[in-house]
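Asks: when you get a sec, could you give me coordinates for this:
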Amino acid sequence: MPSADINARMYFDQGRASFARREFDQAADLFNRAVQADPKYGEAQRYLAECYEKLGYRHRARKAWEALLRITTDKAQQKEINNRLSALI
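Replies: Residues are numbered from 1 along each chain as shown. Below you'll find the predicted structure:
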C-alpha cells in the first residue's frame, strides 16, 4: 500500500527507477529515505531488503526483512519473508 507521506512516495518512486536501472546502491539509499519518512511503508522496506540482497549485504538485508516482518500482517507475506530470512542464514 502506498504511503500517505509525499516525501516517502517521492523517494520510493525514485528508488524504483534506480532499481529498474540496476543501480542498487542508489536505490537502497532512496528506499532507506522512504522508510525513514514512513517507517510503516512496507513496499519500500521490501525493495530495500532486495537491494541489500543484490548488493551482497546479507546483514543489512536481514535487518530490512526483519523490519518488514514486524509491520506485515498478511500471513502469506509473513511466510515469504520468513523464507527469505532463512535463505540468509
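Asks: and residue 58, its phi and psi?
Replies: phi -60, psi -40 (degrees, to the nearest 10).
Asks: just the strands in this structure please.
Replies: Counting by DSSP state E, the chain has no strands to list.
Asks: just the helices in it please.
Replies: Per DSSP state H, the chain has helices spanning 6-20, 24-37, 42-55, 58-71, 75-87. These are given in chain order.
Asks: what bits of this structure have low per-residue confidence?
Replies: For the chain, no stretch has pLDDT under 70.
Asks: ok, 80 please
Replies: Within the chain, the stretches with pLDDT under 80 are 1-2, 89.
Asks: ok, the spatially closest residue to residue 64 that is not a sequence neighbour - contacts?
Replies: Nearest residue to residue 64, sequence neighbours excluded (Cβ to Cβ, 6 or more residues apart in numbering): residue 49, at 3.6 Å. Placement of C-beta: from N, CA and C, glycine included. By Cβ atoms under 8 Å, 6 or more residues apart in numbering, the residues touching residue 49 are 61, 64, 65, 68, 84.
Asks: could you redo the last one with a cut-off of 6 Å?
Replies: By Cβ atoms under 6 Å, 6 or more residues apart in numbering, the contact set of residue 49 is 61, 64, 65.
Asks: repeat for residue 71
Replies: 40, 42.
Asks: residue 56 versus that one, what's the distance?
Replies: 25 Å (Cβ to Cβ, to the nearest Å).
Asks: do residue 27 as well
Replies: 14 Å.
Asks: just the CA trace of stretch 43-50, in CSV.
Replies: In CSV, the C-alpha atoms belonging to stretch 43-50 read as follows (Å, rounded to 0.1, in the frame of the first residue of the first chain):
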residue,chain,number,x,y,z
GLU,A,43,6.8,-1.8,-0.1
ALA,A,44,9.8,0.5,0.4
GLN,A,45,11.1,-1.8,3.1
ARG,A,46,10.7,-4.8,0.8
TYR,A,47,12.7,-3.1,-2.0
LEU,A,48,15.3,-2.0,0.4
ALA,A,49,15.8,-5.6,1.6
GLU,A,50,16.0,-6.8,-2.0
